[in-house]
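>>> Have a look; sequence and predicted model below, questions after that.
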Amino acid sequence: RRVVVLISGNGSNLQALIDEQAHDRLGGDIVAVISNEPDAYGLHRAHEAGIEAVVLPHREYDSRDAYDGALIKVIERHEPDLIVLAGFMRILTPRFVQRFLGRMLNVHPSLLPAYQGLNTHARALADGVAEHGCSVHFVTEELDGGPVVLQAVVEVSEDETEESLKAKVHAREHLIYPIAVKWCLEGRLKFANGGATFDGVAL
Ligand code: GRF
């Protein structure tokens, strides 16, 4: 099974996937890493692992649609079974999402549906929540609104800061994202009729 990973930055989730692959535990191969940011650190991680790293800078395109069209072409050249968004900081056009519907996962740093969008840790802290976490979901046209397939919960401590909370959540992302990717590649997790199923059971 073939996986293409899209990144914009550090790529620590990409690293977690690379590490699983190195132990033959991913259930597939990351065949390419694509970044819209030329200096994304995750590109080094791909190089180090011997994975093709592609830079496709969005600034060189006039419109979101032109960029997504180019991105579709690059992705399809690699014939992926699954597209994994790992800190890819772009809003995707409906055309792009439709093209890969049911074959594209994202990880988001909140317990969705709570805290869609940006600054999730600061917003959760400001609300004084007792629990926070991260979610893996299928990507649909609704931003951070596709069906959730896996979540990890962390407790928010008394002296929590935005940084400490972010670190805790990030560590959980690294645990659950490779699992969700593996289940997808094995055909256990599926997208159907706008929802997700695990071993045929609706989630
Ligand atoms: C993560 O917090 C993820 O939830 C969000 O973007 C961040 C990516 O981090 N979608 P990294 O680049 O994988 O370190």
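Received it, and whenever you're ready, just let me know what you need.

>>> So which bits of this structure are right by the ligand?
With C-beta under 6 Å from any ligand atom as the criterion, the chain meets the ligand at residues 9-13, 86-87, 107-109, 134, 170, 173. C-betas here are computed from N, CA, C, even on glycine.

>>> and if we set it to 5 Å?
Within the chain, the positions near the ligand by C-beta under 5 Å from any ligand atom are Gly9, Asn10, Gly11, Ser12, Asn13, Ala86, Gly87, Val107, Pro109.

>>> now the helices for this structure?
For the chain, helices defined by DSSP state H occupy the ranges 12-22, 41-48, 64-77, 94-99, 120-127, 162-185.

>>> Please spell out which residues along stretch 59-66 are buried.
If you call a residue buried by 16 or more other C-beta atoms under 10 Å, then stretch 59-66 has these buried ones: Tyr61.

>>> can you give me the mean pLDDT across it?
Stretch 59-66 comes out with an average pLDDT of 96.

>>> and what of stretch 145-154?
98.

>>> Check which residues of that stretch are buried.
Quick answer for stretch 145-154 (16+ other C-beta under 10 Å): Gly146, Pro147, Val148, Val149, Leu150, Gln151, Ala152, Val154.

>>> which residues sit against it?
Applying C-beta atoms under 8 Å, 6 or more residues apart in numbering, the external contacts of stretch 145-154 come out as 105-106, 111-113, 116, 131-140, 165, 168-169, 172-173, 175-176, 179-180, 183, 189, 191, 194-196, 198, 203.

>>> Please put the alpha-carbon coordinates of stretch 89-105 into CSV.
Extracted in CSV, the C-alpha atoms of stretch 89-105 (Å, rounded to 0.1, in the frame of the first residue of the first chain):
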residue,chain,number,x,y,z
MET,A,89,-1.5,24.2,6.9
ARG,A,90,-3.6,24.8,3.8
ILE,A,91,-7.3,25.0,3.4
LEU,A,92,-8.2,22.6,0.6
THR,A,93,-10.6,23.3,-2.2
PRO,A,94,-13.7,21.1,-2.6
ARG,A,95,-12.3,19.8,-5.9
PHE,A,96,-9.2,18.5,-4.0
VAL,A,97,-11.2,17.0,-1.2
GLN,A,98,-13.6,15.3,-3.6
ARG,A,99,-10.8,13.8,-5.6
PHE,A,100,-9.4,12.0,-2.5
LEU,A,101,-12.6,11.6,-0.5
GLY,A,102,-12.4,8.6,1.8
ARG,A,103,-8.6,8.2,1.2
MET,A,104,-7.4,11.2,3.2
LEU,A,105,-6.7,11.5,6.9
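
>>> before we move on, back to that, quick check on the contacts of stretch 145-154: which are buried?
Among the contacts of stretch 145-154, the ones that count as buried by 16+ other C-beta under 10 Å are 105-106, 111-112, 132-140, 165, 168-169, 172-173, 176, 179-180, 183, 189, 191, 196.
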